[in-house]
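Chemist: Fold the following, please.
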Amino acid sequence: MPAHPCLPRFQLPQTSCHETNALRLHASPKGNVYHAAGFGRGWRRGAAPQPARTQAPAAFNFTPNDLSGAALTNPTSLQFGPDGRLYVAQQDGLIKVFTVKRNKANDYAVTATETMDLINQIPNHDDNGLPNPAVAVRQVTGLLVMGTAAAPLLYVTSSGSRIGGPGGKTALDTNSGVISQLTRSGGTWAKIDLVRGLPRSEENHSTNGMQLDPVTNTLYVAQGGNTNAGSPSVNFDYACEFVLSAAILSVNLTAINALPTKGSGNTAYKYDLPTLDDPDRVNAANGSDPFDPFGGNNGLNQAKIVPGGPVQVYSPGFRNPYDLVITKTRKMYTIDNGANQGWGGYPPNEGTANVTNNYAVGEPGSTTATATEGPVNNLDGLHYIGSLGSYTPGSYYGGHPDPTRANPAGAGLYTSNGTTGVWRSSKTGPTPLPADWPPRAAPSPPTGTTPPATCTPRTRPSPAPPTRASTKAGATAPTGC
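Modeler: This next block holds a predicted model:
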């Protein structure tokens, strides 16, 4: 299949609510594109269908045809590999590899299927860090196939498979995001986990699609957010944004691969993200947490940003970016799913330096306008982040607020046990923040300026004039977003 110059691979839309059992082949004069077909429900629950918006006639006309013999359940990502086979990830953690034969024009069939379950061998945990062997499935939402025909190499993102939100607490591990590498040698696949402890929302946003920049050997990862519109909400189980959630992340593979391998077999890994010192958990005698990096504990044990570390925020402010593209000229694009009306509103003091993670009663912005913002609008967005050769990390802001990044010292953390909740704003008292809070250093405003407005989206209709043009989606990111 000839590669489109701006689309080095093809990715499915979000699928945690999708139901499908088939792949469909779209034939066009430029080649063939596989995609999932037969979706029962869209990802954005409660969102009205949006009309197509184009500025020019479509350049391609596709005729759909089923790929016969492709038995699938909720496929989430797919890509042809260097060996000519079609790799398809399923939401239930399985990866299926199809040998595809062209019988004639518009007639393709699977002649052989290989199924890999290595990702489902990653141990699952509860949010207190304790292992939970009863959960035997991982949620896979990202797949990148590299390597050679003789030795394919896969990068796979996975996380805990339980989904809470409106259904109530599930004890899902909010630090369950893992980036794994799968390699094949002599017909046998082996797995090693490269990064462990990335955020996972209480609903279904997770560590998603990836792209590799071979020039710098950097893996870029679309990391979903924990909230609907930046603030804790009922439907997202009162979770706050973490310091590494709701962003495009960069992973320095050269630094990761240089680390010694720890563990063995299914638990072999390279790098555990360092976490906060959770006040609810008892450390071992040497001061370490025996369950780290797992068990985010509502953010009290979330991963920290380490200056100079191998995992950094590359572009902030995305609610749930499902995938990204790097073109041949090294330009980066991503898409983001817009906030759902009725699923959560904006953070208190949004648009100011005093934005917080406290729960806002009534969830303003979720269904009704605030004094400065219209309600969330459900619209998805295509974002041009920048050219990798000249882009300054952190300078493009997608528009989704993250108070933990924007106001590290003052955002605090809202935690809930499912019945009662509390906004933790101090390191002392009966419900303290971690002693090493915040999970990132406080941002320094540019010399000679006052602290900027912090991480507020400006893509929604507003009953009042926007407060600051610099805080709209696509503008230079305010310091700390």
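
Chemist: got any ranges where the stretch 351-481 of the chain has weak pLDDT?
Modeler: The stretch 351-481 of the chain contains residues with pLDDT under 70 at 442-481.

Chemist: Now do the helices in it.
Modeler: 403-406 (DSSP state H, counting those that start in this stretch).

Chemist: All the strands of it, in order from the start?
Modeler: Using DSSP state E, counting those that start in this stretch, the strands of the stretch 351-481 of the chain run over 381-387, 413-416, 421-424.

Chemist: One more: the stretch 1-150 of the chain?
Modeler: 22-28, 31-37, 63-66, 75-80, 86-90, 95-104, 107-116, 138-147.

Chemist: Kindly reformat these as a markdown table and extend each row with mean neighbour count, mean pLDDT and distance to residue 267.
Modeler: In this view, the C-beta of every residue, glycine as well, is placed from N, C-alpha and C. Formatted as a markdown table, those follow (neighbours: other Cβ atoms under 10 Å; pLDDT from 0 to 100; distance: least, Cβ to Cβ, whole Å):
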| stretch | mean neighbour count | mean pLDDT | distance to residue 267 |
| --- | --- | --- | --- |
| strand 22-28 | 18 | 41 | 33 |
| strand 31-37 | 18 | 42 | 32 |
| strand 63-66 | 13 | 82 | 39 |
| strand 75-80 | 24 | 97 | 24 |
| strand 86-90 | 24 | 98 | 21 |
| strand 95-104 | 17 | 96 | 19 |
| strand 107-116 | 15 | 97 | 17 |
| strand 138-147 | 24 | 98 | 14 |
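
Chemist: Turn the ones you listed into JSON lines, including distance to residue 248.
Modeler: JSON lines is the format used below for these (distance: least, Cβ to Cβ, whole Å):
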{"stretch": "strand 22-28", "distance to residue 248": "28"}
{"stretch": "strand 31-37", "distance to residue 248": "23"}
{"stretch": "strand 63-66", "distance to residue 248": "31"}
{"stretch": "strand 75-80", "distance to residue 248": "17"}
{"stretch": "strand 86-90", "distance to residue 248": "20"}
{"stretch": "strand 95-104", "distance to residue 248": "24"}
{"stretch": "strand 107-116", "distance to residue 248": "27"}
{"stretch": "strand 138-147", "distance to residue 248": "12"}
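
Chemist: does residue 298 count as helix, strand or coil?
Modeler: helix (DSSP: H, G, I helix; E, B strand; the rest coil).

Chemist: List the beta-bridge partners for the nearest residue to it once chain neighbours are set aside.
Modeler: Using Cβ to Cβ, 6 or more residues apart in numbering and skipping residues adjacent in sequence, the residue nearest residue 298 is residue 415, 4.2 Å away. Taking DSSP bridges as the rule, residue 415 bridges to residue 422.

Chemist: I'd guessed residue 415 sits against residue 421; true?
Modeler: Yes: using Cβ atoms under 8 Å as the test, residue 415 is close enough to residue 421 to be in contact (6.5 Å).

Chemist: So the two - more neighbours on which side?
Modeler: The neighbour comparison of residue 415 against residue 421 (other Cβ atoms under 10 Å) goes to residue 415, with 23 against 14.

Chemist: and residue 104, bridged to which residues?
Modeler: Beta-bridge pairing of residue 104 under DSSP bridges involves residue 107.

Chemist: quick one: it from residue 65, how far?
Modeler: According to Cβ to Cβ, to the nearest Å, residue 104 stands 11 Å off from residue 65.

Chemist: Equivalent analysis for residue 206, please.
Modeler: Distance from residue 206 to residue 65, by Cβ to Cβ: 31 Å.

Chemist: Now stretch 420-429: buried residues?
Modeler: Within stretch 420-429, the residues that count as buried by 16 or more other Cβ atoms under 10 Å are 422, 423, 424, 425.

Chemist: what do you get for stretch 257-276?
Modeler: Going by neighbour count (16+ other Cβ under 10 Å), the buried part of stretch 257-276 is 269, 270, 271, 272, 273, 274, 275, 276.

Chemist: For burial, what's the neighbour tally of the closest residue to the fourth one other than its chain neighbours?
Modeler: I take that to be residue 272. Nearest residue to residue 272, sequence neighbours excluded (Cβ to Cβ, 6+ apart): residue 293, at 4.4 Å. For residue 293, the neighbour count with other Cβ under 10 Å is 26.

Chemist: Likewise for residue 166?
Modeler: 12.

Chemist: Am I right that it is in contact with residue 234?
Modeler: Yes: with contact defined as Cβ under 8 Å, residue 166 counts as touching residue 234 (7.3 Å).

Chemist: Determine the longest helix present in this protein.
Modeler: Using DSSP state H, we find that the single longest helix of the chain is helix 253-258.

Chemist: right, and the helix or strand after that one?
Modeler: Using DSSP states H and E, the helix or strand that follows helix 253-258 towards the C-terminus is strand 269-272.

Chemist: Which strands and helices lie in contact with that next one?
Modeler: When contacts are defined as 3 or more Cβ pairs under 8 Å, 6 or more residues apart in numbering; DSSP states H and E, strand 269-272 packs onto strand 188-198, helix 253-258.

Chemist: any idea of the mean pLDDT for it?
Modeler: What strand 269-272 shows for mean pLDDT is 98.

Chemist: now it, how far from the chain's geometric center?
Modeler: Here strand 269-272 is found 19 Å from its chain centre; the criterion is Cα atoms, centre = their mean, to the nearest Å.

Chemist: which residues touch stretch 415-431?
Modeler: Around stretch 415-431, the neighbours that count as contacts under Cβ atoms under 8 Å, 6 or more residues apart in numbering are 168-169, 232, 237-238, 298-300, 356-359, 410, 412-414, 432-435, 437.

Chemist: quick one on the thing from earlier: for residue 127, which of the strands of the stretch 1-150 of the chain is the nearest?
Modeler: Counting by Cβ to Cβ, residue 127 lies closest to strand 138-147 out of the strands of the stretch 1-150 of the chain; the figure is 15.2 Å.

Chemist: in its sheet, what does that closest one sit against?
Modeler: Partners of strand 138-147 in the sheet, by DSSP bridges, are strand 152-160 (antiparallel).

Chemist: Run the angle between the strand it pairs with and strand 75-80 for me.
Modeler: 170 degrees (axes from the mean of the first three to the mean of the last three Cα atoms, to 10 degrees).
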